[in-house]
Structures are given as C-alpha cells and as structure tokens.
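Q: let's see this in three dimensions:
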Amino acid sequence: MIEVVPAGSDDLKWIAEKAHVTIGPTFFAIKAVRDGQIVGMVGYDAWTPNSCTMHVAIEHPIAVRRLKPKAFDIPRCLGRRVALAGVLSNNDRSLRFTQHLGFQRIAQLDDAWQPGVHIVLFRKELT
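A: Numbers count the residues shown, from 1 in each chain. Below you'll find the predicted structure:
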C-alpha cells in the first residue's frame, strides 16, 4: 500500500536529485511511501500571493494516483489559484506527464537550462 505523508527535511534530497530542483527556505513537499521507500514526491516553492511552482518526481505509477488529488489541494487550501511548472525540453516523458496532469504549455525559455536545452513553462488553474 502507498501512503501519502508530509516529507521531512531529510527527504528533500530525493526530489532535489530526481527533479533537478534547488531546495530553498520556502520549499516543502509531500511524499508517497511504499514499504518505507519514497516512490513519489510533489514539492512546492516560488510562492506568490496567487501561485506556486510545483515539482513532481515519480518512481512508481501508482504513486501518481495517490499523490495527484492531494498535490493540487495543498496550494488551493493555501489560497493559490495557479500552479506553475518548468520542464526541460529534452525530457519528453516529463513534458507528456505534465500535460497529463492538466497543465497547459504557456512559454519556452530558450537555452535557459543550458545551450540547446530549454525550459518549457506550464500553468494550471486550480479553481
């Protein structure tokens, strides 16, 4: 069985490595755990009065079903109406997954990650 719980500060290294994210002071996350092992995590940062940026890393497909409802409830409960996400242009799997979660592609920052690798920006309304 997979359980979704708040991630502790020691857990954040997992999502930092998987999602290429820098963990800052406003970053927090929820994790999906199976048999004591992290199998998925959703992290949040870059908070504004109406939005936050979400970062997702998944190791097990069932983790998506467990994390998805809670993932969007957190920013909603905190009064945010927009979720943002940035995905590397060379990561086709993550690009498809982000759109599967209901995000809409809104922009591309050319060469923002490194020459030839762009950051694709996504937005999801949380109404």
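
Q: where is the longest strand in the chain?
A: strand 104-114 (DSSP state E).

Q: buried stuff in that one?
A: W113 (16 or more other C-beta atoms under 10 Å). In short, each C-beta sits where N, CA and C put it, glycine included.

Q: packing partners of whatever helix or strand comes next after that strand?
A: Tracing the chain past strand 104-114, the next element assigned as helix or strand by DSSP states H and E is strand 117-125. In this structure, strand 117-125 packs against strand 82-88, helix 92-100, strand 104-114, with contacts taken as 3 or more C-beta pairs under 8 Å, 6 or more residues apart in numbering; DSSP states H and E.

Q: any idea which helix or strand carries the residue nearest the centre of the chain?
A: Centroid-nearest residue in the chain: H55, 2.0 Å away (criterion: C-alpha atoms, centre = their mean). Assigned by DSSP H and E, H55 belongs to strand 51-58.

Q: what's the angle from the longest strand of the chain to strand 82-88?
A: With axes from the mean of the first three to the mean of the last three C-alpha atoms, to 10 degrees as the basis, strand 104-114 and strand 82-88 are set at 40 degrees to each other.

Q: let me know the angle separating strand 104-114 from strand 117-125.
A: Using the same axes, to 10 degrees: strand 104-114 against strand 117-125 is 150 degrees.

Q: who touches A19 in this structure?
A: When contacts are counted by C-beta atoms under 8 Å, 6 or more residues apart in numbering, A19 touches G43, H55, V56, A57.

Q: what about it, distance to G36?
A: 21 Å (C-beta to C-beta, to the nearest Å).

Q: re the thing from before, distance from the strand holding H55 to the middle of the chain?
A: 2 Å (C-alpha atoms, centre = their mean, to the nearest Å).
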